[in-house]
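S.K.: Curious how this folds, go ahead:
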Amino acid sequence: MSTTGRLLVSGADGHVADDVARACAAAGLQVEKVLTGVGVVVGTCDDPDALRVVTGVAAVEPDREVHLDRDQPGPA
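M.R.: Have a look, this model is predicted:
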């Protein structure tokens, strides 16, 4: 899978986000941000599949924009 969009890389339990970011950078991720509190690394990469095999990576997902429809009622 090849992409040029922004990716969210989730760190696995027991792994430090900064360490995961360094390992992902070595695998080709252009790191934009490290969200230490939630264990997520944000960046871009031409080969997301290469990130999936990095030690400490739990998931690699495309970053998506979410919009809420204010006119829709919430759960009952």
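S.K.: quick one, longest helix in this structure?
M.R.: The residue-count maximum for a helix in the chain (DSSP state H) belongs to helix 17-26.
S.K.: For it, which helices and strands make contact with it?
M.R.: If you count contacts as 3 or more C-beta pairs under 8 Å, 6 or more residues apart in numbering; DSSP states H and E, helix 17-26 packs onto strand 6-11, strand 30-35, strand 40-44, strand 57-62. In this view, the C-beta of every residue, glycine as well, is placed from N, C-alpha and C.
S.K.: could you dump those to a markdown table with mean pLDDT and distance to Arg22?
M.R.: A markdown table is the format used below for the helices and strands packed on helix 17-26 (pLDDT from 0 to 100; distance: least, C-beta to C-beta, whole Å):
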| stretch | mean pLDDT | distance to Arg22 |
| --- | --- | --- |
| strand 6-11 | 97 | 12 |
| strand 30-35 | 97 | 8 |
| strand 40-44 | 97 | 10 |
| strand 57-62 | 97 | 12 |
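S.K.: of all the ones you listed, which lies closest to Leu51?
M.R.: strand 57-62 (4.8 Å; C-beta to C-beta).
S.K.: What pLDDT is listed against Thr3?
M.R.: Here, the pLDDT recorded for Thr3 equals 48.
S.K.: coming back round to it: let's have the helices and strands packed on helix 17-26 in CSV, adding distance to Leu51 and mean neighbour count.
M.R.: As requested, the helices and strands packed on helix 17-26 are exported to CSV (distance: least, C-beta to C-beta, whole Å; neighbours: other C-beta atoms under 10 Å):
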stretch, distance to Leu51, mean neighbour count
strand 6-11, 6, 21
strand 30-35, 11, 14
strand 40-44, 9, 20
strand 57-62, 5, 15
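S.K.: closest to Pro75 out of those strands?
M.R.: strand 57-62 (25.0 Å).
S.K.: counting contacts, what elements does the closest one pack onto?
M.R.: strand 6-11, helix 17-26, helix 48-52.
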